[in-house]
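> build me a model from this:
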Amino acid sequence: MGLPSPIGEQLARLRARRGLTQEDLASRAGVGVDVVRRLEQGVRSTARLATLARLAKALDVGLPTLMAQPDVLTTSSPSPAGKGMLDLRRVLTPSDALTGFAAHGDADVGALARGALSASIEEAWGLYQAGSYSAVVASLPDLIAELRHAVRDSADAGKVVLNESMATACEIAAGVAIALGKEDLAFIAVERAVAAAEASGSELQQACAANFATWILCRQGRYDEAEVFAVRAAQHFEPSLSRADALHVAVFGALLINASAAASRNDRAASCRDLHGVARAAAARYQVDHADRQAVFGPSVVAMSAVSDAVEYGDLDEALRLVDEVPEDGRVPATWRARYLLNVAYVQQQARRDAEAVATLMQVRTLAPEWMTYHPLGRDVVAELLDRRGRRRMPELGLLADHLGARV
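Numbers count the residues shown, from 1 in each chain. The predicted model follows:
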């Protein structure tokens with residue numbers, strides 16, 4: 001028998017609560033009973049996201065619940081005064097929103113100058129893209145409260161930039177929430193982001209918020225909705241590639257990448273490849289990577305996502321071939337490259353290239369150490385490798401197991 005898997009244990013627990021046999025669950029989900037059996041027995045510790053999404057739907061739970069994602073921050077806030085996830089939930093769901101006339105719960109927050117607010121947003125975005133979630137959550141509740149006050153008190157002309165900043169802050173909040181498996185809070189946060197983007201009056205900001213909303217839907221396993229939403233948004237905001245500036249092309253391309261990710265997880269390989277073709281043409285327009293709080297897109301993103309999508313629709317040979325096309329010097333945030341490298345490590349582990357898989361995982365640990373602890377795929381790959389090789393024969397694997405809290 002293999003190493004106990006968090007997903008397998010959770011699957012067995014949820015199935016038992018529903019009073020289902022393994023055969024019942026497999027039939028409801030439209031997957032082979034052998035998949036259910038092997039996951040629960042620990043013979044395999046993970047499966048394609050599309051398969052896990054079907055199992056989650058059959059069990060009437062969210063995908064993060066089935067994947068047994070960590071639901072609390074794994075490191076402490078950087079200061080005793082730092083805020084936490086409860087504070088973030090409170091600021092995103094203020095009691096004022098229920099009645100419209102209650103006293104504002106954040107009335108004691110002091111006002112920051114607009115320049116300080118802008119700098120704080122850029123800092124929060126940088127921390128988020130680095131995967132430093134504890135530091136983000138320590139500052140984000142007060143920042144959102146400050147922005148709410150600033151929007152309330154600003155003249156009409158000033159509300160545009162402030163609402164754009166509020167949209168970004170809420171997108172960051174959604175990203176952290178979904179990483180912790182808090183689907184309800186993530187959806188609330190992304191709703192707030194879309195509303196702020198609409199209030200800004202900026203079509204570009206609305207496209208950015210739509211892109212983030214697509215990603216949240218995809219992380220929730222709502223692949224049909226995510227693909228349709230992203231494609232419609234891309235069609236609406238499609239620029240003229242011959243005349244548009246780099247930012248507009250990047251926002252458009254990012255929507256295509258999220259649409260292709262949804263298609264790949266939904267067993268729509270042909271649609272995924274078609275969307276990649278359009279994204280590749282958009283990336284070729286400027287031939288450099290674009291990375292800021294409006295969008296992350298470019299040749300490196302297209303190449304990395306092609307690998308990840310091939311993994312999702314189950315063509316590991318194609319994924320290995322596409323790895324050679326990924327630029328090593330791409331200008332992308334640490335978590336983007338780390339997410340891609342986790343898929344590479346998975347392919348290497350499946351191909352029994354264990355030493356390469358461990359080396360790749362060590363790269364992920366260096367790039368985004370805190371972020372790595374929240375991603376189930378890293379734990380699952382390490383669990384598979386531990387079952388096969390053990391700590392003693394591969395000391396670096398032991399370091400990874402300790403870092404991720406993998407059990408032996």
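> isn't residue 268 right up against residue 228?
No: look at residue 268 against residue 228 with Cβ atoms under 8 Å: they stay out of range, at 11.5 Å. Glycine gets a C-beta too; all of them are placed from N, C-alpha and C.
> so for these two, which sits in the more crowded spot?
With neighbours defined as other Cβ atoms under 10 Å, residue 268 and residue 228 compare such that residue 268 has more, 19 against 14.
> what residues does that one make contact with?
Taking Cβ atoms under 8 Å, 6 or more residues apart in numbering, we find residue 268 in contact with 227, 313.
> where does pLDDT dip in this structure?
1-5, 43-46, 68-69, 71, 74-82, 97-114, 157, 390-392, 406-408 (pLDDT under 70).
> what's the domain layout of it?
6-66, 72-201, 219-332, 333-408 (automatic domain parsing).
> what's the closest of those to residue 212?
Proximity to residue 212 (Cβ to Cβ) singles out domain 72-201 among the domains of the chain, at 4.5 Å.
> that older thread, which one of the domains of the chain lies nearest to residue 209?
domain 72-201 (3.9 Å).
> first-to-last residue distance for the closest one?
Domain 72-201 has an end-to-end distance of 35 Å (Cα to Cα, to the nearest Å).
> stretch 320-335: end-to-end distance?
Start-to-end, stretch 320-335 (Cα to Cα) is 21 Å.
> for that stretch, which outside residues touch it?
129-131, 288-289, 291, 296, 298-301, 303-304, 306-307, 310, 337, 340, 344, 347, 351, 367-368, 371.
> need the helices for the stretch 51-200 of the chain, in chain order.
Counting by DSSP state H, counting those that start in this stretch, the stretch 51-200 of the chain has helices at residues 63-66, 85-92, 96-99, 114-129, 133-153, 156-179, 183-200.
> burial check on residue 250, number of neighbours?
Per other Cβ under 10 Å, the neighbour tally for residue 250 reads 28.
> burial count for residue 72?
8.
> any idea how far it lies from residue 66?
Distance of residue 72 to residue 66, computed by Cβ to Cβ, to the nearest Å: 18 Å.
> out of the contacts of stretch 320-335, which are buried?
Among the contacts of stretch 320-335, those classed as buried by 16 or more other Cβ atoms under 10 Å are 129-131, 289, 291, 296, 298-301, 303-304, 306-307, 310, 337, 340, 344, 347, 367-368, 371.
> just those residues: which are in helices?
Per DSSP state H, helices hold the following members of the buried ones among the contacts of stretch 320-335: 129, 299-301, 303-304, 306-307, 310, 337, 340, 344, 347, 367, 371.
> ok, of those residues, which one's closest to residue 122?
Distances from residue 122 to those, taken by Cβ to Cβ, are shortest for residue 129, at 10.8 Å.
> state the phi and psi torsions of residue 30.
Dihedral pair for residue 30: phi 70, psi 30, per degrees, to the nearest 10.
> so what's it up against?
residue 54.
> quick check: it vs residue 136, distance?
Separation of residue 30 from residue 136 (Cβ to Cβ): 38 Å.
> got it, and residue 205?
For residue 205, the distance to residue 136 (Cβ to Cβ) stands at 20 Å.
> just residue 317 next, same as before
To residue 136, residue 317 is 38 Å away according to Cβ to Cβ.
> looking at these two, which one has more neighbours?
Higher neighbour count among residue 317 and residue 136: residue 136, with 26 against 10, using other Cβ under 10 Å.
> for the more buried one, give me its contacts.
By Cβ under 8 Å, 6+ apart, the contact list for residue 136 reads 124, 127, 128, 172, 176.
> rerun at 10 Å
By Cβ atoms under 10 Å, 6 or more residues apart in numbering, the contact set of residue 136 is 73, 83, 88, 123-130, 143, 172-173, 175-176, 370.
> which parts of the stretch 301-408 of the chain are helices?
In the stretch 301-408 of the chain, the helices defined using DSSP H, counting those that start in this stretch lie at 316-323, 334-350, 354-367, 369-372, 376-389, 395-404.
> give me the angle between the third one and helix 334-350.
This means helix 354-367. Computed with axes from the mean of the first three to the mean of the last three Cα atoms, to 10 degrees, the direction of helix 354-367 lies at 170 degrees from that of helix 334-350.
> and if you look at the first one?
Compare the direction of helix 316-323 with that of helix 334-350 by the same axes, to 10 degrees and you get 140 degrees.
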